[in-house]
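# Fold the following.
(one chain, ligands or ions: 1)
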Amino acid sequence: MSCCMCEKYHWDPQEVVYEAPEDGKEYCLFHAPAEHKYAAPNSNKMSIDEFNAQVAERIQEIVDLEDENACCNLRGAVFPGELSFSARTVPRIIFDSACFKGKVSFHGVVFQGGMSFEESIFENVVEFRLCGVDGEASFEGSRFAKTTVFAGMTFEKRVSFDDSVFSGNVNFQDIKCTKFLTLVSTIFSGTTQFKDVGLDGGALCISTKFNGPAYFTTREPPHHPIFFSDCVVSPSGVFFENCNPKHYNFVDQLDLSNIHFRNSPWGKKGRIKVYTEDQHDLLQPTRDFYQRMKAKYKAESNENEASKWHIAEKEAQLKLLSRPGESKFLRDTLRLYKWTSGFGENPRRAFWVLVGLLLFPLGLLIGAELWSHFAWWDFDLVKINHMFKNWLKFIPLTQAIPKDEPGISHAFMIAWQLLITLQAALFAFALRNNFRR
Ligand SMILES: [Zn+2]
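Numbers count the residues shown, from 1 in each chain. Down below sits the predicted model:
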């Protein structure tokens with residue numbers, strides 16, 4: 001007979017050291033339950049140090065092969081106590097379905113060819129510090145029961161925590177991922193920190209569940225976006241600090257109510273514009289995202305932020321209306337709305353357009369007067385008086401239009417008065433929006 005787990009996890013045959021009385025299943029040293037680690041059948045129990053020495057020996061056997069493609073199989077192993085590796089280079093190691101009873105610590109270890117901890121169970125604190133991983137790193141489906149730290153790590157290939165569950169606090173600090181990081185359906189139950197992370201290849205957060213507060217601060221702008229979609233965020237919130245929206249894709253993240261941006265450079269200079277706005281097929285969802293952000297800030301009575309998102313939303317809408325087949329009338333009206341008042345958010349612009357509308361007829365009258373006399377104006381007070389009287393005919397509320405004014409010019413004056421009234425209303429509206437903050 002041989003160890004039942006060795007067969008299951010494709011190990012080289014190991015000596016059976018323990019037979020479970022309940023079902024008669026046989027186990028080798030590595031796969032035996034934590035409390036049944038025997039060097040040989042019917043011998044004394046091994047200490048944790050003795051067991052770890054056996055693990056180190058197994059790894060060393062692979063190192064000694066000096067084969068780049070060699071891989072150390074530790075699938076399904078049960079580690080009874082604290083396990084610690086430091087400052088050494090190891091080949092690709094597979095810890096899939098392993099169970100770590102004690103603290104796990106890897107410090108300054110170089111994983112050549114990557115590492116795999118799929119479906120592993122970490123029952124205690126986990127610390128990965130200053131390790132370099134040359135190949136893919138996978139923690140898919142793993143369970144982390146206590147505090148987990150990944151600090152100063154360098155991942156050269158994809159890192160995956162898909163379907164993992166972190167029950168304690170998690171601290172990803174100062175890590176660098178050259179390729180992308182995936183957190184698909186990952187569950188974070190405690191406080192999660194992504195502090196100064198360099199996500200050069202971007203990241204995927206799809207259906208990720210944040211049951212505790214989470215904080216993201218990126219070290220440098222990633223070359224690829226960080227994608228958020230259908231994430232579930234508890235009221236304790238997910239906070240993006242000092243993160244530029246240009247590097248995020250939130251168009252599929254419908255619930256934004258507990259997602260907060262702090263000290264964002266977006267919208268400080270110019271207007272807010274996210275990564276997806278320039279992607280033709282994502283323009284509509286981007287506009288919807290802007291609208292959701294506006295609604296979120298309105299609900300929080302943060303009018304200042306709401307105004308910034310309102311402008312972004314209208315700019316995106318203008319782009320949508322500028323596409324072939326869209327209503328030219330709506331597009332031009334929106335353009336006019338932008339030009340005359342900055343979408344109702346720029347009172348200064350609205351004021352100067354109003355002044356322009358008021359002074360334009362006067363300019364025309366002065367021009368006509370100068371043109372009809374072909375000479376410098378002689379400052380005739382009667383003429384000046386007459387001209388101002390004519391000008392007042394274009395200004396609302398002055399009631400300067402005489403009853404006998406010819407029909408066409410009467411209609412033009414009324415139309416101009418209407419225009420000034422409309423612009424005055426826009427100015428008042430923009431001013432109100434400005435003071436409401
Ligand atoms: Zn075994």
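# which one is residue 242 nearest to, not counting chain neighbours?
The shortest distance from residue 242 to any non-neighbouring residue, by CB to CB, 6 or more residues apart in numbering, is to residue 263 (5.1 Å). For every residue, glycine as well, the C-beta is placed using N, CA and C.
# Could you check the pLDDT of that neighbour?
Looking at residue 263, its pLDDT stands at 80.
# Could you do the one 3 residues further on as well?
According to the prediction, residue 266 has pLDDT 68.
# now do residue 247
Model confidence at residue 247 (pLDDT) stands at 81.
# cool, residue 378 as well?
Note on residue 378: pLDDT of 67.
# in the longest helix anywhere in the chain, what's buried?
Identified as the longest helix of the chain according to DSSP state H is helix 407-435. With burial defined by 16 or more other CB atoms under 10 Å, the residues of helix 407-435 counted as buried are 413, 416, 417, 420, 423, 424, 426, 427, 430, 433, 434.
# these two touch, right, the second one and residue 359?
Okay, so that is residue 416. No - with contacts counted by CB atoms under 8 Å, residue 416 stays clear of residue 359, the gap being 12.0 Å.
# Helices of the stretch 1-150 of the chain, residue ranges please.
4-8, 48-64 (DSSP state H, counting those that start in this stretch).
# Output the contacting helices and strands for the longest one.
Counting contacts by 3 or more CB pairs under 8 Å, 6 or more residues apart in numbering; DSSP states H and E, the secondary-structure elements packed against helix 48-64 are strand 71-73, strand 78-79, strand 83-86, strand 89-90.
# In the protein, which residue is most central in space?
Geometric centre of the chain, nearest residue: residue 248, 4.0 Å, by CA atoms, centre = their mean.
# What residues does the residue nearest to that residue when sequence neighbours are not counted make contact with?
In space, and not counting its chain neighbours, residue 248 is closest to residue 226: 5.2 Å by CB to CB, 6+ apart. Going by CB atoms under 8 Å, 6 or more residues apart in numbering, residue 226 touches 199, 202, 203, 205, 218, 247, 248, 249.
# how about the second one, phi and psi?
So that's residue 202. Geometry field for residue 202 lists phi and psi as phi 90, psi -180, criterion degrees, to the nearest 10.
# would a markdown table of the helices of the stretch 1-150 of the chain with mean pLDDT and distance to residue 274 be doable?
Compiled in a markdown table, the helices of the stretch 1-150 of the chain are given as follows (pLDDT from 0 to 100; distance: least, CB to CB, whole Å):
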| stretch | mean pLDDT | distance to residue 274 |
| --- | --- | --- |
| helix 4-8 | 93 | 48 |
| helix 48-64 | 92 | 46 |
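# Out of those helices, the one nearest the ion is which?
Proximity to the ion, assessed across these by CB to the ion, is greatest for helix 4-8 (3.4 Å).
# Quick one: distance of that closest one to the chain centre.
The chain centre lies 43 Å from the centre of helix 4-8; the measure is CA atoms, centre = their mean, to the nearest Å.
# Could you do stretch 284-298 as well?
Between the mean C-alpha location of stretch 284-298 and the chain-wide mean there is a distance of 15 Å, by CA atoms, centre = their mean.
# helix or strand for residue 195, which one?
Taking DSSP states H and E as the definition, one finds residue 195 inside strand 192-199.
# nearest residue to residue 4 other than its sequence neighbours?
Across the structure, with CB to CB, 6+ apart as the measure, the residue nearest residue 4 apart from its sequence neighbours is residue 25 (4.8 Å).
# Distance of the one you found relative to the ion?
In this structure, residue 25 and the ion are separated by 11 Å, where distance is defined by CB to the ion, to the nearest Å.
# So that residue is in contact with residue 18, correct?
No - counting by CB under 8 Å, no contact exists between residue 25 and residue 18, whose distance comes to 9.2 Å.
# and these two? which has more neighbours close in?
Ranked by neighbour count (other CB atoms under 10 Å), residue 25 and residue 18 place residue 18 first, with 20 against 15.
# tell me the contacts of the more buried one?
Counting by CB under 8 Å, 6+ apart, residue 18 has contacts 26, 27, 32, 33, 36, 38, 41.
# okay, residue 345: pLDDT?
So residue 345 comes in at 88 (pLDDT).
# Report the contact partners of it.
Taking CB under 8 Å, 6+ apart as the test, what residue 345 contacts is 307, 310, 311, 430, 433, 434.
# how far away is residue 183 from the ion?
With CB to the ion as the criterion, residue 183 and the ion are 32 Å apart.
# Just read off the phi/psi values of that residue.
Dihedral angles (degrees, to the nearest 10) for residue 183: phi -130, psi 50.
# List the buried residues in stretch 98-108.
Here stretch 98-108 shows 98, 99, 100, 101, 102, 103, 104, 105, 106, 107 as buried, counting by 16+ other CB under 10 Å.
# what sits opposite the third one in the beta ladder?
Partner residues in beta bridges with residue 100, using DSSP bridges, are residue 79, residue 122.
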